[in-house]
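In: predicted model and sequence follow; I will ask about them next.
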Amino acid sequence: MARGGYTYVMTNKPRGVLYIGVTADIATRAQHHRNGTGSAFCKKYGLTRLVLVEPHDDIRLAIAREKALKAWKREWKIRLVEEANPDWRDMSDVIF
């Protein structure tokens, strides 16, 4: 039986650099990004703000969604975040 997962978007500021990732444990993964140990890309650009989280019942669905989002145009990604989180609020406080 497959475990669930999450797709998520990290940024450094509203409409800033975007990072799309996938994980089975969003709280731990977001904390790693905030601490600078999540990925070299996030550390390089200071991406500590979790602005979008999408839960999935199956990790394979989360991986497929991550791949699809990475293929999107930047404008579409920004629109997706702004529809769910218009203020680009850090959602880490919601998941911790």
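Out: Yep, that arrived. Residues are numbered from 1 along each chain as shown.

In: any idea how many residues pack against residue 5?
Out: 23 (other Cβ atoms under 10 Å). All C-beta atoms are positioned from the backbone trio N, CA, C, and that covers glycine.

In: tally up the residues packed near residue 88, please.
Out: Residue 88, neighbours per other Cβ under 10 Å, totals 18.

In: hey, where'd the strands end up in this protein?
Out: With strands called from DSSP state E, the chain shows them at 5-11, 18-23, 49-56.

In: outside of the first one itself, list whatever touches it.
Out: When you say that, I think you mean strand 5-11. For strand 5-11, contacts defined as Cβ atoms under 8 Å, 6 or more residues apart in numbering pick out 17-24, 26, 29-30, 33, 38, 42, 47-56, 58-59, 61-63, 65-66, 69, 77, 80-81, 88.

In: please repeat the previous calculation with a cut-off of 6 Å.
Out: For strand 5-11, contacts defined as Cβ atoms under 6 Å, 6 or more residues apart in numbering pick out 18-24, 26, 33, 42, 47, 49-56, 59, 62, 65-66, 81.
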